[in-house]
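Asker: 3D, please:
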Amino acid sequence: MNILQHLRELWQYRDLVRNLVVRDLKARYKNSILGVAWSWVNPLLMMVVYTIVFNILAGRSNLRNYPVFILCALLPWNFFANAISQATNSIVDAAPLVKKVYFPREALPLSAVLSNMVHFLISLPVLFLLALAMGNPLTGWALLFPVTLVIQVMFTVGVGFITATLNVFYRDTRLIMDVLLLAWFFLTPIFYPLTTVPERYILWGVSINVRAWLLRLNPMASIISSYRDLLYWGTSTAWDFLLRTAVTSLIVLVMGYIIFLRYSPRFGEEV
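Answerer: As a prediction, the model looks like this:
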């Protein structure tokens, strides 16, 4: 069965994917007092903490409306990090289902990413209201937000396919990903602007454009910068880097899907 046939089969099971997404969203807010309001309260609390730590205790920033600056990057990063964590564990956590019932296994990591995307979209009004309250309203460039979102979803699903596959055979993957995501967080311009990254750094006598290489080697850096350009600065994004990131994300998605399909027949035996 080739990739197109797998995609057609996945489309036939779209109701299953939708039900898995709904299940994940219900489980997230089950037995909580605030329920879906946590989608707004949690990022606000994190924004307050990061603002105090990075904008006050670590030295006051000259950036205007620093809470909006932080939230523009924190929300999409939380989407990415939580989606990867859940996608990594998705096959192992559903071991009884994987062993007994046939369905496209890719529905599990895919639903993990999509449920976190919905959670991300639910939390966006907090950003919009905060920006309006602080005198940092959205501009027409915000209409391009879906473009960046699609690129991020492609990249996240591709990475999720790879880590979900690895975790079936090597359970240390989940622990390693926790460390990698923490390091990845600091290597992504979330609490600092991209302009603070030096354009030139001399290493062993060689001049390196650190800012450009950060964008090239870290797709999330380019994606976060794009969100911030559209929602915080109110300007056009760096289309050359975003286009390159879109191509990279598509490659990661295709390669991740191929790897997942290659090993998915063995999932029932390994989990």
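Asker: what helix or strand is the closest residue to Ala94 other than its chain neighbours located in?
Answerer: Excluding its sequence neighbours, the residue lying closest to Ala94 (C-beta to C-beta, 6 or more residues apart in numbering) is Leu108, at 5.5 Å. Yep, even glycine has a C-beta here, placed from its N, CA and C like the rest. Here Leu108, judged by DSSP states H and E, is contained in helix 107-133.
Asker: got it, and Val179?
Answerer: Short version: Val179 belongs to helix 172-186, going by DSSP H and E.
Asker: re earlier: what is the helix holding Leu108 packed up against?
Answerer: Judged by 3 or more C-beta pairs under 8 Å, 6 or more residues apart in numbering; DSSP states H and E, helix 107-133 is in contact with helix 14-29, helix 38-50, helix 66-93, helix 145-169.
Asker: thinking again about what came up before, and the helix holding Val179, what's buried?
Answerer: Going by neighbour count (16 or more other C-beta atoms under 10 Å), the buried part of helix 172-186 is Thr173, Met177, Leu181, Trp184.
Asker: what residues does it touch?
Answerer: Residues outside helix 172-186 that contact it (C-beta atoms under 8 Å, 6 or more residues apart in numbering): Trp77, Ala81, Ile84, Ser85, Thr88, Asn89, Thr163, Leu166, Asn167, Asn218, Met220.
Asker: how about stretch 244-261?
Answerer: 3, 6, 105-106, 109, 151-152, 154-155, 157-162, 164-165, 215-216, 219, 222-223, 226.
Asker: of these, buried ones?
Answerer: Among the contacts of stretch 244-261, those buried by neighbour count (16+ other C-beta under 10 Å) are 6, 105-106, 109, 151-152, 154-155, 157-162, 164-165, 215, 219, 222-223, 226.
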